[in-house]
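K.L.:
have a look at this prediction, sequence included:
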Amino acid sequence: GKPKARAKDREYSGEFPTSARFDIPRNRKRAIAKIEAMDASTEYWRKCRGMSDEEWFERHLKIVDKDGNLVPLILNPAQVILCREIRRQLKETGCVKLIILKARQLGMSAVVQGLQFRLILESPNQSAIVMAHETEAADLVFERTRTFRDSTRPMYPFKYSSRQEIVFEEPWRSCIRVKV
């Protein structure tokens, strides 16, 4: 008779095998379970990719305001202009080259971090760096990234977070680091 095809030799049908005759190693079972759990949020994730930066920031990112309250990140006119310029450069050249003169209290660092955070989540296997001139300043800036992480946690689970790094779970496997 004709030999039976082994499970790994069969063509993938788009569905995960449920039969006990497929002996899936334990680590593959765990990976499949993660993917199946993420399928529930996949449609919402696709909708998020189509949102404007202003809408995505307001819906997903939280910041600490001057009074210490956790509030949605609603972009001001200067931030909207910066977002649009960053997106324009990314579309036209694939990279961003900007010199932003540091105007106090306009929120330029917040919007740059927010875009960096969004791009990391929308592009698997990417790395980003948050830089500052002093350790204390780097910690303060990275604290905002942690706040972003906490406000998106249910939708984008992370693998681990340390004082200097946030690494997201599969399928993203992206990370954000702080450097001085």
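P.N.:
Good, I have the coordinates. Residues are numbered from 1 along each chain as shown.
K.L.:
please count neighbours and contacts with C-alpha atoms only from this point.
P.N.:
OK.
K.L.:
the residue lying closest to Asp65 once chain neighbours are set aside in helix, strand or coil?
P.N.:
Using CA to CA, 6 or more residues apart in numbering and skipping the chain neighbours, the partner closest in space to Asp65 is Val71 (6.7 Å). Recorded secondary structure, Val71: strand (DSSP: H, G, I helix; E, B strand; the rest coil).
K.L.:
hmm, Ile63 and Val71 touching each other?
P.N.:
Yes. When contacts are counted by CA atoms under 8 Å, Val71 is listed as touching Ile63 (5.6 Å).
K.L.:
quick one, which of these two is more surrounded?
P.N.:
Neighbours per residue (other CA atoms under 10 Å) separate Val71 from Ile63, with Ile63 holding more: 20 against 12.
K.L.:
backbone dihedrals for that one, please?
P.N.:
Backbone geometry at Ile63, expressed as degrees, to the nearest 10, gives phi -130, psi 160.
K.L.:
residues in contact with it?
P.N.:
Leu70, Val71, Pro72, Leu73, Arg144, Thr147, Phe148 (CA atoms under 8 Å, 6 or more residues apart in numbering).
K.L.:
same question for Ile74.
P.N.:
Glu54, Phe57, Glu58.
K.L.:
let me have these in JSON lines, extended by distance to Met108, pLDDT and neighbour count.
P.N.:
Shown next, in JSON lines, are these (distance: CA to CA, whole Å; pLDDT from 0 to 100; neighbours: other CA atoms under 10 Å):
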{"residue": "Glu54", "distance to Met108": "14", "pLDDT": "92", "neighbour count": "17"}
{"residue": "Phe57", "distance to Met108": "14", "pLDDT": "92", "neighbour count": "20"}
{"residue": "Glu58", "distance to Met108": "16", "pLDDT": "93", "neighbour count": "14"}
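K.L.:
which one of those is nearest Arg163?
P.N.:
Nearest to Arg163 among the contacts of Ile74, counting by CA to CA, is Phe57 at 24.0 Å.
K.L.:
isn't that closest one right up against Pro72?
P.N.:
Yes. Applying CA under 8 Å, one finds Phe57 in contact with Pro72, separated by 7.4 Å.
K.L.:
quick one, helices of this structure?
P.N.:
Counting by DSSP state H, the chain has helices at residues 26-49, 53-60, 77-93, 108-122, 135-152.
K.L.:
for Val167, state which of the contacts of Ile63 is nearest.
P.N.:
Phe148 (13.3 Å).
K.L.:
what's the burial count for that closest one?
P.N.:
Neighbours of Phe148 (other CA under 10 Å): 21.
K.L.:
any idea how far the closest residue to it other than its chain neighbours is from Arg84?
P.N.:
Of all residues beyond its chain neighbours, the one nearest Phe148 is Leu61 (5.4 Å), with distances taken as CA to CA, 6+ apart. Distance, Leu61 to Arg84, using CA to CA, to the nearest Å: 18 Å.
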